[in-house]
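Novice: Pasting the sequence and the predicted coordinates here, then a few questions.
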Amino acid sequence: MRKQLSQIASLLVQIAILLCFIELGLYFVRMNALDSVPDKQTLTILNWGRPIADHADPSAVIAEIVTALKLTIGHTLWVSIISLIIGVFIGVFTGLSKTMRFIVQAPVDFLRGVPVTLLIAVALVSFSSSSDTLLIVVCSLPCTAICIFFIHSGMDDIDTFRKDVYILNYGPVSRWKLWTDYLLPSLYPSITTASRAIASYSLVVCCAIEMLNLGRPNSAGRLLSMARDNNGSLSGAPMIIILLLGLFSFLLCRFLEKIEKNSKYKTYRN
């Protein structure tokens with residue numbers, strides 16, 4: 001009980017620190033928008049690299065931040081969900097056959113170690129226009145490989161004695177019953193670990209590809225790229241996007257980590 005309270009207190013302190021940084025960033029946005037008089041010929045951070053003819057409206061800046069975060073977080077969640085579903089499906093089926101696993105293992109090992117820079121080159125060749133679908137497809141390739149790797153590792157750790165105990169308790173059962181009541185519960189810890197790894201990696205990949213001016217023009221990565229290119233520094237509104245994306249990634253990983261710690265398999269003898 002005391003350990004759980006200390007963990008909750010530590011999490012609350014970390015969230016409070018992040019919220020302080022976010023509030024500080026919002027303060028700078030309001031100060032820049034209300035007190036400064038921008039030159040019409042220059043490009044400013046508050047307007048993401050576009051010329052502004054008058055004072056920037058703080059509400060418009062906040063609305064643009066919310067839109068950018070919704071797009072990038074949406075891309076991240078779609079990539080994570082699609083990669084997890086496809087990865088579990090392929091990982092289980094190929095893990096049951098040594099031949100299929102041998103065939104799949106080479107591309108899985110290659111894609112699992114693909115750096116973001118090489119993925120950017122693939123994106124540059126693949127993208128002919130701003131398309132969310134292509135962005136999700138390109139980002140899902142290495143994430144799916146990561147999921148397959150964890151599923152294969154989980155299948156190697158399955159105790160066959162549990163299968164014998166299950167059959168002794170329940171008698172001859174169908175393959176579907178064996179899958180749903182034995183195989184998938186045994187893989188549950190590996191699935192939760194894979195989901196946490198995918199969630200961390202997919203956000204980095206999506207932001208990196210968006211910063212190449214690929215995907216939606218008002219996504220977070222693209223807005224950060226425009227602000228950086230035209231101003232040479234990041235402050236104000238772009239810094240808020242960075243902090244909020246970091247907060248989202250932190251909270252998502254902590255949530256999945258809690259699920260992972262509670263994903264202990266219980267044998268059917270219990």
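Specialist: Received, thanks.
Novice: what's the lengthiest helix in the chain packed up against?
Specialist: Determined from DSSP state H, the single longest helix within the chain is helix 58-95. Applying 3 or more CB pairs under 8 Å, 6 or more residues apart in numbering; DSSP states H and E, we find helix 58-95 packed against helix 2-35, helix 98-112, helix 132-156, helix 184-210, helix 220-231, helix 237-261. Heads up, the C-betas are built off the backbone N, CA and C, glycines and all.
Novice: Would you single out the least confident of the ones you listed?
Specialist: The weakest mean pLDDT among these belongs to helix 2-35, with a mean of 55.
Novice: now Cys253: how far from Leu69?
Specialist: Separation of Cys253 from Leu69 (CB to CB, to the nearest Å): 17 Å.
Novice: same check, this time on Leu243
Specialist: Taking CB to CB, one finds Leu243 at 11 Å from Leu69.
Novice: again with Ile209
Specialist: Look at Ile209 and Leu69: by CB to CB, they are 16 Å apart.
Novice: Show me which of these two is the more surrounded one.
Specialist: Using other CB atoms under 10 Å as the criterion, Ile209 and Leu69 rank with Ile209 on top: 27 against 17.
Novice: how near is the closest residue to Ile241 other than its chain neighbours to Met226?
Specialist: Closest residue in space to Ile241, ignoring its immediate chain neighbours: Ala220 at 5.1 Å, by CB to CB, 6 or more residues apart in numbering. According to CB to CB, Ala220 and Met226 sit 11 Å apart.
Novice: Comparing the two, which residue is more hemmed in?
Specialist: More crowded of Ala220 and Met226, by other CB under 10 Å: Ala220, with 27 against 21.
Novice: Who are the contact partners of that one?
Specialist: The neighbours of Ala220, taking CB atoms under 8 Å, 6 or more residues apart in numbering as the test, are 68-69, 71-72, 207, 210, 241, 245.
Novice: can I get those in TSV with distance to Ile90?
Specialist: As requested, the contacts of Ala220 are exported to TSV (distance: CB to CB, whole Å):
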residue	distance to Ile90
Ala68	33
Leu69	31
Leu71	28
Thr72	27
Cys207	26
Glu210	27
Ile241	34
Leu245	29
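Novice: What remains of those if I keep only buried residues?
Specialist: 68-69, 71-72, 207, 210, 241, 245 (16 or more other CB atoms under 10 Å).
Novice: Closest one of those residues to Asp109?
Specialist: Using CB to CB, Cys207 is the member of the buried ones among the contacts of Ala220 that sits closest to Asp109, with 25.2 Å.
Novice: just checking, that closest one touches Leu245?
Specialist: Yes. Assessed by CB atoms under 8 Å, Cys207 is found in contact with Leu245 at 7.1 Å.
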